[in-house]
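*Asks:* sequence unknown, structure follows:
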């Protein structure tokens, strides 16, 4: 078995092999006892030191009455400590490698360099990042025009990125819901006065935006469950999508759109999705009932009397979508601003688009639940190493993403579950 952590030493690998060899040599073992032991050791291998391992093994020993298991547990403990398993997780460094944005402008303002590791405060956790995700807002803030212009009091540099997945490295004061070593995904709060963001080896998040990583997804996939996914879960909820309704999702192949499709389907809706023709197969695979190729005529002439419109494209698409909606229907756009009055004047119900970093906890929990139950899958269109984040933003800016764009921060761990 490959080590699950880039920092795991040979002692931990030997311990894992010891567990595996025992499993193979004991076909008649009590299933619960040994599977529990294996689960504990394999899952915690990358995040525990010798003292934690000792407590873990002693706890497992209490659960079993088999002397053979006890002997093997003691062997695992001996091998792990003798080969210095306590180095499986190193002390948190003071410095890290990160993408630092210097001012505003083109992709050249993004530099891969050394930065300080932020400290978690009250109700915060420090995450050792295995993977991050790219969002359109990232390049918009880099360009820095309109609503995305930097704040006057902002630092001259910033670490971009709001979506990460990894393991808890440190916990701040009053944190009880998470422990060191917990695998999580999170949305990193934007603070213009703090050098902290997702394009880095470490990032600080408030506990309100941190969720336990579902066991059935990789860290790279989990990183994509942040801003876009939580936003999609929220907009499907506030537009009150219900069984049997007709729901139009524009830009259905993108990060928010593809998740909104799946959440609406989970609620029993008939989903209509717009995209270019090459996205047809993908959209049908995630549940779109009616696909409309916007390159072959105006979509508003082909779609009528929908109950809900979820616009993820913006520009003129946002207002053209009014023509597809029945009176009294729900409309929301996550890509266009300032349409509320026009929307209401047209006789529609128009909830605000919200901010993923300020959404109620229930939407984060629901995102994790849907992903964990297999009702929400995340497609990674393309992956880039952290050092090539500028190229990833350029790709995102082209506006042709299918699903999400991933940044691999820790190559050993990003694609493991």
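*Replies:* Thanks, I have the structure now. These figures come from a predicted structure and were not determined experimentally.

*Asks:* Identify each buried residue in stretch 275-289, please.
*Replies:* Going by neighbour count (16 or more other C-beta atoms under 10 Å), the buried part of stretch 275-289 is 275, 279, 280, 282, 283, 286, 287, 288. From N, CA and C alone the C-beta is placed, and that goes for glycine too.

*Asks:* Check which helix or strand the fourth one maps to.
*Replies:* In this case it means residue 282. Residue 282 belongs to helix 280-285 when assigned by DSSP states H and E.

*Asks:* Show me what that helix is packed against.
*Replies:* strand 290-293 (3 or more C-beta pairs under 8 Å, 6 or more residues apart in numbering; DSSP states H and E).

*Asks:* Within the sheet, what are the partner strands of the strand it packs on, with directions?
*Replies:* strand 270-275 (parallel) (DSSP bridges).

*Asks:* now the strand it pairs with, how far from the centre of its chain.
*Replies:* Mean-position distance between strand 270-275 and its chain equals 24 Å (C-alpha atoms, centre = their mean, to the nearest Å).

*Asks:* can you list the domains in the chain?
*Replies:* 10-88, 95-225+379-408, 229-358 (automatic domain parsing).

*Asks:* Select from those the stretch with the lowest mean pLDDT.
*Replies:* Here the lowest mean pLDDT among these goes to domain 10-88, at a mean of 46.

*Asks:* And the strands in the stretch 101-250 of the chain, which stretches?
*Replies:* Assigned by DSSP state E, counting those that start in this stretch, the strands in the stretch 101-250 of the chain fall at 110-116, 124-134, 157-158, 163-171, 183-187, 202-206, 210-212, 246-250.

*Asks:* thinking again about what came up before, switch the domains of the chain over to TSV; also include distance to residue 369.
*Replies:* Below are these laid out as TSV (distance: least, C-beta to C-beta, whole Å):
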stretch	distance to residue 369
domain 10-88	20
domain 95-225+379-408	8
domain 229-358	10
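
*Asks:* gap between residue 94 and residue 136?
*Replies:* Residue 94 sits 33 Å away from residue 136, going by C-beta to C-beta, to the nearest Å.

*Asks:* Going by secondary structure, residue 414 is in what exactly?
*Replies:* With DSSP H and E as the test, residue 414 turns up in no helix or strand.

*Asks:* Now do it, the pLDDT please.
*Replies:* 98.

*Asks:* show me what contacts the closest residue to it other than its chain neighbours?
*Replies:* Once flanking residues are discounted, residue 414 sits nearest to residue 131: 4.2 Å by C-beta to C-beta, 6 or more residues apart in numbering. Residue 131 makes contact with 164-166, 218-220, 222-223, 406-410, 413-414, according to C-beta atoms under 8 Å, 6 or more residues apart in numbering.

*Asks:* Please repeat the previous calculation with a cut-off of 7 Å.
*Replies:* 165, 219, 220, 223, 406, 407, 408, 409, 414 (C-beta atoms under 7 Å, 6 or more residues apart in numbering).

*Asks:* Could you let me know which of those residues ends up closest to residue 213?
*Replies:* residue 165 (6.1 Å; C-beta to C-beta).

*Asks:* before we move on, the earlier item: give me the buried subset of the contacts of residue 131.
*Replies:* 165, 219, 220, 223, 406, 407, 408, 409, 414.

*Asks:* Correct me if wrong: the fourth one contacts residue 132.
*Replies:* Yes: in this structure, residue 223 is within contact of residue 132 by C-beta atoms under 7 Å, at 5.4 Å.

*Asks:* Mutual contacts of the two, please.
*Replies:* By C-beta under 7 Å, 6+ apart, the residues touching both residue 223 and residue 132 are 163, 164.

*Asks:* Who are the contact partners of residue 213?
*Replies:* Going by C-beta under 7 Å, 6+ apart, residue 213 touches 165, 183, 184, 185, 219, 222.

*Asks:* which non-adjacent residue is nearest it?
*Replies:* Using C-beta to C-beta, 6+ apart and skipping residues adjacent in sequence, the residue nearest residue 213 is residue 183, 4.1 Å away.

*Asks:* partners of that neighbour in the sheet?
*Replies:* Counting by DSSP bridges, residue 183 forms beta bridges with residue 167.

*Asks:* surely it meets residue 167?
*Replies:* Yes: with contacts defined as C-beta under 7 Å, residue 183 counts as touching residue 167 at a distance of 5.4 Å.
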